[in-house]
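Peer 1: got a sequence here, can you build the structure:
(2 chains)
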There are 2 protein chains.
Amino acid sequence: MPVLVMKFGGTSVADLGRIANAAEKVRREVERGYDVIVIVSAMAGKTNELVKWVSETSTFYDAREYDAVVASGENVTAGLMALRLQEMGIPARSWQGWQVPINTTRQHGAARFLSIPRDNIDHKFAEGMKVAVVAGFQGLSPEGRVTTLGRGGSDTTAVAFAAAFGAERCDIYTDVDGVYTTDPRIAKKARKLDKISYEEMLELASLGAKVLQTRSVELAMRYKVRLRVVSSFEDIDETSGTLVCDEDEIMESKAVAGIAYSREEAKVTLFTIEDRPGIAAAIFGPLADAGVNVDMIVQNISEKDYDEAHPGAVTDMTFSCPIDQVGRARKAMEDAKTRGLIKYDELIIDDDVAKVSVVGIGMRSHAGVAARMFEALSRENINIKVISTSEIKISVLIDRKYMELAVQALHDTFELERA
Amino acid sequence: MPVLVMKFGGTSVADLGRIANAAEKVRREVERGYDVIVIVSAMAGKTNELVKWVSETSTFYDAREYDAVVASGENVTAGLMALRLQEMGIPARSWQGWQVPINTTRQHGAARFLSIPRDNIDHKFAEGMKVAVVAGFQGLSPEGRVTTLGRGGSDTTAVAFAAAFGAERCDIYTDVDGVYTTDPRIAKKARKLDKISYEEMLELASLGAKVLQTRSVELAMRYKVRLRVVSSFEDIDETSGTLVCDEDEIMESKAVAGIAYSREEAKVTLFTIEDRPGIAAAIFGPLADAGVNVDMIVQNISEKDYDEAHPGAVTDMTFSCPIDQVGRARKAMEDAKTRGLIKYDELIIDDDVAKVSVVGIGMRSHAGVAARMFEALSRENINIKVISTSEIKISVLIDRKYMELAVQALHDTFELERA
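Peer 2: Have a look, this model is predicted:
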């Protein structure tokens, strides 16, 4: 039998009615002839309740106990889903992480998969079980303790099972009906994509389109798992949602697949730093140690003239980071200066910026995407503060108040409303 | 190190504050030099919530899935308790049933212990762990599924661990401060017992003193586990609560240890049945099949004369059962009559009765307990409808309205207010 993996997130199993709704979607796939592996999250709100209890019990908690407590939410949903399926006449059973077993590393709270042996579940499929309902987000450490996988763990569990069982596809049921060319709340003309490549999805996800966790897309790309994002709350068929797949499956790539944005950005500039080998490491090492997620980095020739205070060559360094990490960034830089690791005249923070990115595999073969992007922004009189490029994306930092305008203008320029 | 088992029920761990309170009681025992095994129930209300979800999902549910869902409540408490103890500087960790492992039979929802290997927990004690917090009420089936133990499962888990680890004592923390000579709400003079024998406790428990589940007392008796009932909500010392122990530990037994009662009884009488071998089986077989818990049984010589309708010898049969099973009892009897299994002229139900029992190991050596009991009831003009006796208890059915009066009169007669 071909295997299909279906994953339902917290809002898709928030109560018994929604679990029943999800079970109907599973039934349809069973009737199509699949052996189905269902990965479930905890009912919406339950994990937060458990996390709150742990935090209130213990300030610096033992992550092993945190995991033992928090993983219980998924166990409840798995059992209820199995019961619901049985009630519908479908042979099903639940699997907790240790029962599969889902072998992971011992990094509690952020464990990584080691192996998912197929034997136990395959044995039950051979006996006539049609659906294995697996508690997502959890695993078993080499010491026999319960682990959890951290953010996006259930999506990642689904992809890992799809890889382990050679599934035909991994369907991620969520509260949106697919991946859009951009956020429909910002650009009314936003269009749902039928297909998108792993690489594009990675750029869109990490840039703020919060549909799939980056880690699950990375894993899907590595094992070539065909990943489909579909809505739990609509009738769907084979063509619903968005398929995240290898670029070979996408016949003709447009230059730009989508526009991503991130509102909560800050720009930090260090003026008049020494322009010498090792200066970047001296700056970004302390930032990494302080847990600052530096995103864009630009180094300019300093406009400052040579003077006695700066006998060597000098430059300026600008980087961006999430706005809520600005305090940490400033402290890390000031500490580094105090300790004599770096010198700078001034540290300026602009916490009133947003990032807008155009993403598309097609830009590898279509020239002039950057030029068209800059022209479009220029026509709207939007000043570009920082530019950063990669093979399949171009990002700019702009004043936050122009973010919506920029997204709309770029969506129009690249005609993303047309398939 | 000597081992102590401490068990906290649902109301004793109902919220984080109460978990902290329970943890303080654990700390005190650790400071006294014990290696402690703590057995926890789910936070009050949580198990009911889970059971409700299961029932609403599935009418005839798969007991294996029921167990997988319901057992999660204890896992949460175990983790939180371990975290709280760690926060207090006490080396502790949680254990779920499969981690110990608590090996049970495969009777899901009503599993029985097969074995509790000590190795894993002993190993951690040897490494310096002071407290093993074990999720109560659950175990692991031979097939590797999660089982639950049914009613009173957490008390029974505690006793089983005390037996397996040769614990010095098993302390059951609950919302009462011990076992009383009778219900203090009925007899103001009721006195807390310092000690009570297993046998007496069993009779008191099954007769309505709802402090300890019968099954846990039976297990304690079998393995000679010293069991102490103490309050979670009071400061306690070594002499607090009530010790349930072997009668050898009780120096001088009074004739009567306590008075039990059961308000919700019904009396069923079948008039003019055949007095022949096999008639009892013909009556009580169908009652058992219908799930009626028959308690007292009395067979009288019928007062009816021989007549043509009843050519053989005839008699009357009276039995008692919980009042909420009367409907089932009537239907079982009527069906049996329709099917020709039994004959009777009339079935009379008296659902206005209560049961009062005096219990005491001492009555084995003290003569005249029954006579004193009947005299006391006679003095109060209370009519006895049915009498039933065992080696250490005498029970009577009386009109329900006299129940309180009977309990008080008997408490006075046997001077239970005096130690």
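Peer 1: what ranges do the strands span in the stretch 51-200 of chain A?
Peer 2: With DSSP state E, counting those that start in this stretch, the ranges of strands along the stretch 51-200 of chain A come out as A:92-95, A:103-104, A:113-115, A:131-135, A:138-140, A:146-148, A:169-174, A:195-197.
Peer 1: closest one to A:Pro286 among those strands?
Peer 2: strand A:146-148 (30.1 Å; CB to CB). For every residue, glycine as well, the C-beta is placed using N, CA and C.
Peer 1: and the closest one, average pLDDT?
Peer 2: Averaged over strand A:146-148, pLDDT sits at 97.
Peer 1: got it, and stretch A:400-412?
Peer 2: The model assigns stretch A:400-412 a mean pLDDT of 96.
Peer 1: same check on stretch A:285-303?
Peer 2: 83.
Peer 1: quick check: buried residues in it?
Peer 2: For stretch A:285-303, a neighbour-count test (16 or more other CB atoms under 10 Å in any protein chain shown) marks A:286-287, A:290, A:292, A:294-296, A:298-299, A:302 as buried.
Peer 1: and it, C-alpha only, in PDB?
Peer 2: Taking Å, rounded to 0.1, in the frame of the first residue of the first chain, the C-alpha atoms of stretch A:285-303 are listed here in PDB:
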ATOM      1  CA  GLY A 285      31.300  36.600  17.800                       C
ATOM      2  CA  PRO A 286      30.000  38.600  20.800                       C
ATOM      3  CA  LEU A 287      26.600  39.100  19.100                       C
ATOM      4  CA  ALA A 288      26.200  35.400  18.600                       C
ATOM      5  CA  ASP A 289      27.200  34.700  22.200                       C
ATOM      6  CA  ALA A 290      24.500  37.100  23.300                       C
ATOM      7  CA  GLY A 291      21.900  35.200  21.200                       C
ATOM      8  CA  VAL A 292      21.400  38.000  18.700                       C
ATOM      9  CA  ASN A 293      20.200  36.600  15.300                       C
ATOM     10  CA  VAL A 294      22.000  38.900  12.900                       C
ATOM     11  CA  ASP A 295      20.400  38.800   9.500                       C
ATOM     12  CA  MET A 296      21.700  41.400   6.900                       C
ATOM     13  CA  ILE A 297      25.300  42.700   7.200                       C
ATOM     14  CA  VAL A 298      26.800  45.600   5.200                       C
ATOM     15  CA  GLN A 299      30.200  47.100   5.500                       C
ATOM     16  CA  ASN A 300      30.800  50.500   4.000                       C
ATOM     17  CA  ILE A 301      33.900  52.500   3.300                       C
ATOM     18  CA  SER A 302      33.800  55.100   6.000                       C
ATOM     19  CA  GLU A 303      33.200  58.600   4.900                       C
END
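Peer 1: need the residues of chain A near chain B, please.
Peer 2: Contact residues (CB under 8 Å from any CB of the partner chain) of chain A with chain B: A:16, A:19-20, A:50, A:53-54, A:56-59, A:61-62, A:64-66, A:68-69, A:72-73, A:75-76, A:78-80, A:82-84, A:86-87, A:93-94, A:96, A:98-99, A:144-146.
Peer 1: out of the residues you listed, which are buried?
Peer 2: Buried, going by 16+ other CB under 10 Å: A:16, A:19-20, A:50, A:53-54, A:57-58, A:61-62, A:64-66, A:68-69, A:72-73, A:75-76, A:78-80, A:82-84, A:86-87, A:93-94, A:96, A:98-99, A:145-146, out of these.
Peer 1: tell me which of these fall in helices.
Peer 2: Under the assignment DSSP state H, those contribute A:16, A:19-20, A:50, A:53-54, A:57, A:64-66, A:68-69, A:72-73, A:75-76, A:78-80, A:82-84, A:86-87 to helices.
Peer 1: which residues in the stretch 201-350 of chain A form strands?
Peer 2: Using DSSP E, counting those that start in this stretch, strands in the stretch 201-350 of chain A cover A:227-231, A:242-245, A:258-274, A:297-301, A:314-322, A:346-359.
Peer 1: from the contact counts, what lies against the fourth one?
Peer 2: Looking back up the chat, that one is strand A:297-301. Strand A:297-301 sits against helix A:279-289, strand A:314-322, strand A:386-389, with contacts defined as 3 or more CB pairs under 8 Å, 6 or more residues apart in numbering or on different chains; DSSP states H and E.
Peer 1: identify all contacting residues around that strand.
Peer 2: A:280, A:284, A:315-319, A:386-388 (CB atoms under 8 Å, 6 or more residues apart in numbering or on different chains).
Peer 1: neighbour count and distance to B:Val326 added to those residues, as JSON lines?
Peer 2: As requested, the contacts of strand A:297-301 are exported to JSON lines (neighbours: other CB atoms under 10 Å in any protein chain shown; distance: CB to CB, whole Å):
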{"residue": "A:Ala280", "neighbour count": "14", "distance to B:Val326": "86"}
{"residue": "A:Phe284", "neighbour count": "16", "distance to B:Val326": "80"}
{"residue": "A:Thr315", "neighbour count": "18", "distance to B:Val326": "93"}
{"residue": "A:Asp316", "neighbour count": "21", "distance to B:Val326": "90"}
{"residue": "A:Met317", "neighbour count": "22", "distance to B:Val326": "86"}
{"residue": "A:Thr318", "neighbour count": "19", "distance to B:Val326": "84"}
{"residue": "A:Phe319", "neighbour count": "22", "distance to B:Val326": "80"}
{"residue": "A:Val386", "neighbour count": "21", "distance to B:Val326": "82"}
{"residue": "A:Ile387", "neighbour count": "14", "distance to B:Val326": "84"}
{"residue": "A:Ser388", "neighbour count": "16", "distance to B:Val326": "80"}
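Peer 1: what pairs with the helix or strand of chain A with the lowest mean pLDDT, parallel or antiparallel?
Peer 2: When each helix and strand of chain A is scored by mean pLDDT, DSSP states H and E, strand A:297-301 comes last, with a mean of 77. If you go by DSSP bridges, strand A:297-301 pairs up with strand A:314-322 (antiparallel).
Peer 1: what's the angle between the strand it pairs with and strand A:346-359?
Peer 2: 60 degrees (axes from the mean of the first three to the mean of the last three CA atoms, to 10 degrees).
Peer 1: pLDDT on strand A:314-322, on average?
Peer 2: Strand A:314-322 comes out at a mean pLDDT of 89.
Peer 1: only alpha carbons, please: show it as PDB.
Peer 2: Below are the C-alpha coordinates for strand A:314-322, written out as PDB (Å, rounded to 0.1, in the frame of the first residue of the first chain):
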ATOM      1  CA  VAL A 314      38.400  52.900   9.200                       C
ATOM      2  CA  THR A 315      35.000  51.800   8.100                       C
ATOM      3  CA  ASP A 316      31.400  51.500   9.200                       C
ATOM      4  CA  MET A 317      29.500  48.300   9.800                       C
ATOM      5  CA  THR A 318      25.700  47.900   9.600                       C
ATOM      6  CA  PHE A 319      23.700  44.900  10.500                       C
ATOM      7  CA  SER A 320      20.000  44.000  11.100                       C
ATOM      8  CA  CYS A 321      18.400  41.900  13.800                       C
ATOM      9  CA  PRO A 322      14.900  41.300  15.200                       C
END
